[in-house]
Each structure stands twice: as C-alpha cells, then as structure tokens.
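Undergrad: next one to model:
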Amino acid sequence: MAGTFASVRDRLPAGVRPYFESAPLAALFLGMSSGFPYAMIGATLTTRLAQDGIDKKSVTTFALVFLAYNFKFLWAWVVEGIRLPLLGRLGQRVSWMLFTAALVIVSVVNLGLMDPQADIVAVALAAIFVGVAGATFDIVIDAYRIELLEPRQLGVGAGMSQYGWRIGAAGAGALALVAADPMQWNLGWGTAYMLCAVFALPAAFTALVMGEPARHKDVAARKTLKTLGTAIIGPFAEFLQRSGAWLVLLFILLHKIGDTLANLTLRLLFEDLGYTNTEIAIYDVGVGFWALLAGIFVGGVLYAKLGLKRSVLLSLILMAVSNFSFAALAAVGHSNIGMALAIGFENFASGIGGVCVVAYFSALTDLRFTAAQYALISAFASIVGRFMTGTTAGALIETFGYVNYYLFTTVIAVPGILLFWLMMRAGLIDASIGTAGTEKAETSSAEAR
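TA: Okay, the predicted model is just below:
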C-alpha cells in the first residue's frame, strides 16, 4: 500500500509532491490537535463569557490563561527526559503524546461543565487546567514534528502544521459555536466542549502510526540533582552561546505583539458589533479558514522563491498591516462583507507568516534539546502580547475605542519588523540556525514511507 501511495505521489507536480510525503502529512494531523485547546480557551471562551454577561475587563483578563503556553519551557525538561511508567516502552515521544492527549481531553470536558455565572473563579481554574494541559501537549507535538521532518521538509512541514492548527482551531471553534447556539443545535456549552475534545485524537493516532522519530536523540535520565540541573539549564545555555542569541530572543519577544493583541480581542469586537454566533462561525471561522489555506500555499511559494530571510520579512509586514483592517471594520460597523475582508486578509497574512516564521523557529533548535528549546522559542513568541491583552486590552478598548486600539496594534508591530531587518543585515539569521535546520536523520525511513 505504501508503494502504491508513493507511485501516486511521484506523478504529482514537483511543487506539490513534498506535501504528500509522510512526515509533512503527519505534521498536518499533529497541528489539528495542537490548535483545538487554544480555541477552547481563546475565542470560544471569550464568546461564551461575553454571552453570559461577564464584563470586558474580566473577559480580557482570561487572556492571562495563555501564559501557561508562555512558561511551558519551565517544565519542558520533564517531557524531554522523564520516562513514563508502562507507556514509556512505546518510546519517549509516543508515550508522552498519548498521555498529554488524554490530559487535554479531561481538561476540556471539565471546562465545559463549569458555569461562568455561578462561579467565575471555578471557570478560571478550569481554563488554567486547559492551558497547562494544552501547553504540555504542544511541547510534545512541536518536538515530535521537528524531529520527524528532515531539514529540507521544515518549510513544508511548517505549512502543513499551520494547515492542521487552523483546521483544529477553526473546526473546534465552529463546532462549539453551532452546538451551543440557541438558534441552531442548542446543546449547551458543556456538550459542545465534550464534542470538541475528539480533536485531541489525531496527534495520538499519528504518533502510534509513525512511531518514534528517526532524528530524536534520547537524553540521560534525570536521577540526580546535578543531571536535573543540566537538563534544565543545558538547552538554554547552548542557545545563548550562539552568535547574536540575545537579539534573536528579543526578536522572538517583539515580532508578534501586535498580532496577539488584535486576535485575542476580536470576539469582543464582533460581540459589540452585533454579530450572531452563526455569522461569526461563517465569516470569522469559515472565511478565515479558506483565506488561511490560500495564505499557507502562497507562503510555501514565497519561502521557496525568496528564501527564509526575505519571506519572513515580507510576512511580518503583511501581519502588521492586517491589524489595520480590524480598525477599518470597527469604523464601518456591522458589515458581513467588511468582516469577511478583514478576517480574510488577516488569515491570509497569518498563513504566510505561519510557514515562514515557524520554519525559521523550528530550524533554531538543537536536536539534543528539541522540546525544551522550541518550548522556549514558542513561549517567548507571544508572551508580551498575551500579558498586555490580559492586563490592559480591555481598559484600552473602553478608553480609546476599537478603532484607535487596532491602530495601536498596527504601530506596535513595527519594532519587530525593523529588528529582523537589522539582523538580516548583520548576518545573524544564518548564524542562529541549530542542528534541526542542518542535520539529517541517520535513516531515510520517513522519506521512504
């Protein structure tokens, strides 16, 4: 059967063929599972809280739940070196994939059963549980994806992962909205969250089918305080020894501030503009999904034609400009066409950035510390934006209005663009690449499947 699939793949156009290799296809399914916990504590929870009459400041404070994703590097060493009992015989990455998938399912169902009007504190604690479980799930998924892909597949794999992430986030988000909509299925939020929990399964099944990645390098068991200290500090010490490492980290911190501030408050804008759940599902989730697919395809083309550096720079500019479209929508008011255009452009730009930026970040890791280093990189990527959203976004919106707020998110994205351009000029982009971007697996089993 594998031979038949390979034969069909070989007849595809050369530009499309890499997307149908086993590792990039696996990245697609991994991304599906990675995206859905984010949706459950992001846009979906925002809509749910707003509909239950929770005030804007409280709703935006829930963005602090995402800080679990930003501090996941603190416990990534556990995923890297602690062997799970019983499940551990399946392999380090596979066993942790199964365990964290189960943890996410339990946490999402638990959040769905909470009642915001009865006990908002219990909802907050349940959301934190989803955040920690989802962040740990992401640690495993990201490491597994990077180690499964060969260096030549990092761009394609990043694109497929972004496809999957948006499928998972959009699919779970749309399913929850429609299932809980009183004018549609009217199943209630509890049942809606239970239905969405099945999105954890694609990553688990992928790990079982693909097995341990060929490029995975086991680290020593953490049996003493000395080896434990090395496990925690080693990945970061290796990264910081590279040329321009501090500037790379600064770029990672700055590049997504505007995008995060804009996206984590969109459902408040839609709610205040009077959009129904079904309109949000159609225009935000639906149109955004297809625009993202187009953006990822274009991102792959740009990555191949322009190379990593120029494609990343272009994607940063497009993502900044996309925030301006939300200011325009806020000025126009309730308009389905306006919402479709704003969401379409934002997702198109995000698709391009998802391919180019994620490929660069994946290539930054050292294969000895894949989980810990990518956890650090992905955590730093949005920590400032999430903290600002959780502490000041609601107050800024109420003080200045949506139009000025989204203009602010456009301006605040500029420093990250300028820093990346300066890093290009100084040659620090090439100097920062790790072994994940250069070292091939000892076997070519991933390509042969």
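Undergrad: can you give me the neighbour number for Val358?
TA: Other residues within reach of Val358 by the criterion other Cβ atoms under 10 Å amount to 28. To be clear about C-beta, it is placed using only N, CA and C from the backbone, and glycine gets the same treatment.
Undergrad: what sits against it?
TA: By Cβ atoms under 8 Å, 6 or more residues apart in numbering, Val358 lies in contact with Ala158, Ser161, Gln162.
Undergrad: element containing the first one?
TA: Here Ala158 is covered by helix 154-180, with elements defined by DSSP states H and E.
Undergrad: which other helices and strands does the next helix or strand after that helix contact?
TA: Beyond helix 154-180 in the direction of the C-terminus, DSSP H and E gives the next helix or strand as helix 189-196. Helix 189-196 sits against helix 22-41, helix 92-112, helix 154-180, with contacts defined as 3 or more Cβ pairs under 8 Å, 6 or more residues apart in numbering; DSSP states H and E.
Undergrad: next one: stretch 424-431 to chain centre, how far?
TA: In terms of Cα atoms, centre = their mean, to the nearest Å, the centre of stretch 424-431 is set 25 Å apart from its chain centre.
Undergrad: what does that stretch rub up against?
TA: Arg242, Ser243, Gly244, Leu247, Val248, Leu308, Lys309, Leu313, Tyr360, Phe420, Met423.
Undergrad: list the buried residues of that stretch.
TA: When neighbours are counted by 16 or more other Cβ atoms under 10 Å, the buried residues of stretch 424-431 are found to be Met424, Leu428, Ile429.
Undergrad: check stretch 347-360 too.
TA: Across stretch 347-360, burial judged by 16+ other Cβ under 10 Å covers 347-360.
Undergrad: so can I have JSON lines of the residues you listed showing pLDDT?
TA: Compiled in JSON lines, the buried residues of stretch 347-360 are given as follows (pLDDT from 0 to 100):
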{"residue": "Asn347", "pLDDT": "88"}
{"residue": "Phe348", "pLDDT": "93"}
{"residue": "Ala349", "pLDDT": "92"}
{"residue": "Ser350", "pLDDT": "87"}
{"residue": "Gly351", "pLDDT": "87"}
{"residue": "Ile352", "pLDDT": "91"}
{"residue": "Gly353", "pLDDT": "89"}
{"residue": "Gly354", "pLDDT": "82"}
{"residue": "Val355", "pLDDT": "88"}
{"residue": "Cys356", "pLDDT": "90"}
{"residue": "Val357", "pLDDT": "90"}
{"residue": "Val358", "pLDDT": "88"}
{"residue": "Ala359", "pLDDT": "88"}
{"residue": "Tyr360", "pLDDT": "90"}
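Undergrad: report the contact partners of Val123.
TA: Going by Cβ under 8 Å, 6+ apart, Val123 touches Leu49, Leu111, Met114, Asp115, Pro116.
Undergrad: let's see it at 6 Å
TA: Listed by Cβ atoms under 6 Å, 6 or more residues apart in numbering, the contact partners of Val123 are Met114, Pro116.
Undergrad: coming back round to it: what is the nearest of the buried residues of stretch 424-431 to Pro151?
TA: Using Cβ to Cβ, Ile429 is the member of the buried residues of stretch 424-431 that sits closest to Pro151, with 15.5 Å.
Undergrad: so the closest one is in which element?
TA: Assigned by DSSP H and E, Ile429 belongs to helix 428-431.
Undergrad: now do the contacts for the nearest residue in space to Gly164 that is not next to it in sequence.
TA: Spatial nearest neighbour of Gly164, chain neighbours left out: Gly31 (2.4 Å); criterion: Cβ to Cβ, 6 or more residues apart in numbering. Counting by Cβ under 6 Å, 6+ apart, Gly31 makes contact with Ser161, Gly164, Trp165.
Undergrad: for Gln184, same thing?
TA: So, once contact is read as Cβ under 6 Å, 6+ apart, Gln184 ends up touching Val178.
Undergrad: what are the phi and psi angles of it?
TA: Main-chain dihedrals, Gln184, degrees, to the nearest 10: phi -120, psi -110.
Undergrad: same question for the one 4 residues further on.
TA: Gly188 has phi and psi values of phi 90, psi 160 when expressed as degrees, to the nearest 10.
Undergrad: check Asn186 too.
TA: In terms of degrees, to the nearest 10, the main-chain angles of Asn186 are phi 60, psi 50.
Undergrad: in JSON lines: the buried residues of stretch 424-431, plus pLDDT and distance to Thr438.
TA: Formatted as JSON lines, the entries for the buried residues of stretch 424-431 read as follows, by pLDDT from 0 to 100; distance: Cβ to Cβ, whole Å:
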{"residue": "Met424", "pLDDT": "91", "distance to Thr438": "19"}
{"residue": "Leu428", "pLDDT": "88", "distance to Thr438": "16"}
{"residue": "Ile429", "pLDDT": "88", "distance to Thr438": "14"}
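Undergrad: still on that earlier bit, give me the buried subset of the contacts of Gly31.
TA: Burial by neighbour count, judged by 16+ other Cβ under 10 Å, picks out Ser161, Gly164, Trp165 from the contacts of Gly31.
Undergrad: the second one contacts Leu28, doesn't it?
TA: Yes. Contact between Gly164 and Leu28 holds when scored by Cβ atoms under 6 Å: they sit 4.3 Å apart.
Undergrad: just for the stretch 251-400 of the chain, where's the confidence low?
TA: Segments of the stretch 251-400 of the chain classed as low confidence (criterion: pLDDT under 70) are 385-386, 389-391.
Undergrad: now do the strands in it.
TA: Secondary structure of the stretch 251-400 of the chain, counting by DSSP state E, counting those that start in this stretch: no strands present.
Undergrad: can you show me the helices along it?
TA: Under the criterion DSSP state H, counting those that start in this stretch, helices of the stretch 251-400 of the chain are mapped to 257-263, 266-272, 277-279, 288-332, 336-363, 370-380, 383-388, 394-411.
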